[in-house]
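K.L.:
okay, here's the prediction I keep looking at, along with the sequence it came from:
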Amino acid sequence: MKAIKIQLWYGLLLLGILLGLLTAYRVLISTGFALYAKTDILVWTIPIAAYVFFSLTSTGLAFVSSIPVVFNANRYQPIEKRTAFLEISVLMAAFTCLLLHLGSPWNAIYFLFSPNFASPLWWLGMLYGLYFIVLLLSFWRMHTAKTSKALGIFTFIIAIATSTVLGWLFGLPDARPVFDANFLAMYFPLTGFASALAAVLLFSLAYHSFAKVPLSEGDKNLYNDISKLFGVVMAFTLIFFLWRTIVAGISASAVEFAGFRHMLGSGWYHLALWIGLVIPLLLIAMPAVRNATWGKVTSAALFLVGMFAGRLEMVLSGLVMPTGPKAEGQPPFVSYWPTIWEVFVFVFALAILLLVYTLGERNLKLAEVPE
Amino acid sequence: MPKYAMVIDLQSCVGCGACSIACRNENNVSDGIYWSNKITETYGTFPNVRFHYMPTLCNHCSDAPCVRGCPTKAMHKLDNGITMHDPDKCIGCRYCMYNCPYEVIYFNWQDPHKFWRDTRAVIEGGTSSPEEMIQKVNSGKGTPYSNPARGKTLPENRPKGVVEKCTFCDHRINAGKIPYCVEACPADARIFGDLDKPDSQVSRLLGKFKPYRLKERLGTEPNVYYIRSYNPARYERTKGGI
Ligand code: SF4
Ligand code: SF4
């Protein structure tokens, strides 16, 4: 019975990957990006929002996995190895989304031969490349049963650098002041950390449930601790979210903020606020719910769904209002609904994440505690 | 080194769009892409309405945000001030589109001039198909009316997956000619030249009329200037009232 379930799971993931490969072929080789619901106005859509979602979750996981070495908090050690492997799997999902966002990814070789040091995108590309290598090294060290303090600290620093540079990337253009680089340089690491805590809860509890490993008293205390921390970080996220709404959405009157004001009425915004922040925060605030497995899983899952909607809302808020010559013949705000191919990009990334993670969970002893 | 600039005289511009058509022909611009474009605005309520027409193109900004953000220097500045693009280095991230405050960069979402690849006859049994025609006239490339001169500094037709925009007709400038939109303008509303020469026509016009540039407050230092505005209207002088 168990073998059938596993095969079914692999089958499902392979189906997701096949759909993704078909999308990659059609988008990059045969038809082109016309398959996406992109226009000359909405130049960035789901693939980039999903990239932001996965890459920030991965850097947040780096914060979590470095807690034992950077902050000497040894009680986090039991999740260290799983978190480190999750970072790699989630980052692979992020790279998948990026690959299907770029029109000519093969030209990325010019990151090396023709670098532009003034470009946040160049720094981001290089940092993520380095980050991936460091993650692999760091996991390999853990797998050989040793934790390297130096690698742990290095991972932590690169994780801060990547998530803040992503804030710089969005906040660079003076033409789109709705993205404030200073704000995003704090908001991105914070929300990445919150997403990571949610992911750790989900994946760790899934391990206990599917591998039928009962929760020891120590495990229970650890997951209760993580839930508490998750609640605190989520509360900060809500405060930042509301401040962004007040500053950029309600009190700012410049025309460049109109796109965000428009997005305040969108489903994506309300999904992010209510489903992704208010409800999970209420759940986590109740000790009985917080300490129950279902409470942790529900609030973490809702938070991640809301966070994804929030990433998309954020990307769209800088783009939905057509300006200049591209506003000719357009409504004041353009609407967005993804095509099936854009959904397949997300499915592809998720399938890669889950497949890599499942293989790791089954073969790499992720529950092991490194020295 | 010259510093090329364009002055657009809005009093002379009649809004005919000849610049855009000329640009399309000269640069083999594909459907849905506009190197030369316009902003139109209507003010007031009938019968008190006014229509404004403002031709637009890449401003070849001296401090170009598109260039600053491009990770691979695919978007770059030439010594003569032109903002140029190299599709061979472009990864198609569209960060330049996101960064350009003037919305003048376009992405090739699909193969260029796609309708010329259609294998169906325009009139069944009566005409050839676009694909047959293009095979005969231009060995299957671009369009039957493709301008090979464009291919000197950029691919004659840019492939899918990269961006493109106005280059001030750099290939013509290299051959000692002015941009084709300037040449084609029947009202001489576009004036092109070198700002480093104090006696060039562009320098003289900027000294004579108060020029303005788009979104000057952003500090991008555009090199497309607008002067004057078309308005022959008179109005009865009063002090208004309440
Ligand atoms: S107008 Fe836009 S594309 Fe042209 S140079 Fe300025 S920023 Fe770049
Ligand atoms: S789309 Fe091409 S030109 Fe534009 S920023 Fe990206 S690499 Fe540079």
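P.N.:
Structure's in. What do you need? Ligands and ions are numbered 1, 2, ... in the order given.
K.L.:
pretty sure residue A:19 sits against residue A:346.
P.N.:
No - in this structure, residue A:19 is not within contact of residue A:346 by Cβ atoms under 8 Å, at 10.4 Å. C-beta coordinates here come from the backbone N, C-alpha and C atoms, glycine included.
K.L.:
I'd say residue A:194 and residue A:233 touch.
P.N.:
Yes - Residue A:194 lies in contact with residue A:233 (Cβ under 8 Å); the separation is 4.4 Å.
K.L.:
ok, residue A:144 - how many residues close by?
P.N.:
Neighbour count for residue A:144, taken as other Cβ atoms under 10 Å in any protein chain shown: 9.
K.L.:
one step back: pick out whichever of residue A:19 and residue A:346 has more residues nearby.
P.N.:
Taking other Cβ under 10 Å, residue A:19 and residue A:346 do not tie; residue A:346 has more neighbours (23 against 18).
K.L.:
quick one, which of residue A:194 and residue A:233 is more surrounded?
P.N.:
Taking neighbours as other Cβ under 10 Å, residue A:194 and residue A:233 compare with residue A:194 leading, 30 against 21.
K.L.:
OK, contacts around the more buried one?
P.N.:
A:60, A:230, A:233-234, A:236-237, A:303, A:307 (Cβ atoms under 8 Å, 6 or more residues apart in numbering or on different chains).
K.L.:
same list, these, but as TSV with pLDDT, secondary structure and distance to residue A:38 please.
P.N.:
Below are these laid out as TSV (pLDDT from 0 to 100; DSSP: H, G, I helix; E, B strand; the rest coil; distance: Cβ to Cβ, whole Å):
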residue	pLDDT	secondary structure	distance to residue A:38
A:60	96	helix	28
A:230	97	helix	34
A:233	98	helix	33
A:234	98	helix	32
A:236	98	helix	33
A:237	98	helix	29
A:303	98	helix	28
A:307	98	helix	22
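K.L.:
out of the residues you listed, which are buried?
P.N.:
Burial by neighbour count, judged by 16 or more other Cβ atoms under 10 Å in any protein chain shown, picks out A:60, A:230, A:233-234, A:237, A:303, A:307 from these.
K.L.:
element containing residue 121?
P.N.:
Here I'm looking at chain A. Residue A:121 is located in helix A:120-143, with elements delineated by DSSP states H and E.
K.L.:
so which bits of chain B are right by ligand 2?
P.N.:
B:69-70, B:72, B:74-75, B:85, B:90-96, B:163 (Cβ under 6 Å from any ligand atom).
K.L.:
tell me the buried residues in the longest helix along chain A?
P.N.:
Using DSSP state H, we find that the single longest helix of chain A is helix A:181-210. Residues of helix A:181-210 classed as buried: A:181, A:183-185, A:187-205, A:207-208 (neighbour count, 16+ other Cβ under 10 Å).
K.L.:
now do the helices in chain B.
P.N.:
Under DSSP H, chain B gives helices at B:18-27, B:65-69, B:95-99, B:130-138, B:170-174, B:180-184, B:201-208.
K.L.:
quick check: residue A:261 vs residue A:239, distance?
P.N.:
When distance is defined by Cβ to Cβ, to the nearest Å, residue A:261 is 20 Å away from residue A:239.
K.L.:
how about residue A:77?
P.N.:
Residue A:77 is 31 Å from residue A:239, by Cβ to Cβ.
K.L.:
compare the two (neighbour count), which wins?
P.N.:
Neighbour count, other Cβ under 10 Å: between residue A:77 and residue A:239, residue A:77 has more, with 16 against 12.
K.L.:
how about the contacts made by the more buried one?
P.N.:
A:68, A:369-370.
K.L.:
find the closest residue to chain A in chain B.
P.N.:
residue B:92 (2.0 Å; Cβ to the nearest Cβ).
K.L.:
so the closest residue in space to residue A:138 that isn't next to it in sequence, which of the three states?
P.N.:
Spatially, and ignoring its direct neighbours in sequence, residue A:138 is nearest to residue A:151 (4.3 Å; Cβ to Cβ, 6 or more residues apart in numbering or on different chains). State at residue A:151, reduced to three classes by DSSP: H, G, I helix; E, B strand; the rest coil: helix.
K.L.:
list the contacts of stretch A:275-288.
P.N.:
A:227, A:230-231, A:234-235, A:237-238, A:241, A:289-290, A:295, A:298-300, A:302-307, A:309-310.
K.L.:
could you dump it to PDB, C-alpha only?
P.N.:
C-alpha atoms of stretch A:275-288 as PDB (Å, rounded to 0.1, in the frame of the first residue of the first chain):
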ATOM      1  CA  ILE A 275      -6.000  34.600   4.100                       C
ATOM      2  CA  GLY A 276      -2.300  35.100   4.400                       C
ATOM      3  CA  LEU A 277      -1.900  37.200   7.400                       C
ATOM      4  CA  VAL A 278      -5.000  37.900   9.600                       C
ATOM      5  CA  ILE A 279      -6.500  34.400   9.800                       C
ATOM      6  CA  PRO A 280      -3.200  32.500  10.300                       C
ATOM      7  CA  LEU A 281      -2.100  35.100  12.900                       C
ATOM      8  CA  LEU A 282      -5.400  34.700  14.800                       C
ATOM      9  CA  LEU A 283      -5.000  30.900  14.700                       C
ATOM     10  CA  ILE A 284      -1.400  31.100  15.900                       C
ATOM     11  CA  ALA A 285      -2.300  33.500  18.600                       C
ATOM     12  CA  MET A 286      -4.500  30.900  20.300                       C
ATOM     13  CA  PRO A 287      -2.200  28.600  22.400                       C
ATOM     14  CA  ALA A 288      -4.500  25.500  21.900                       C
END
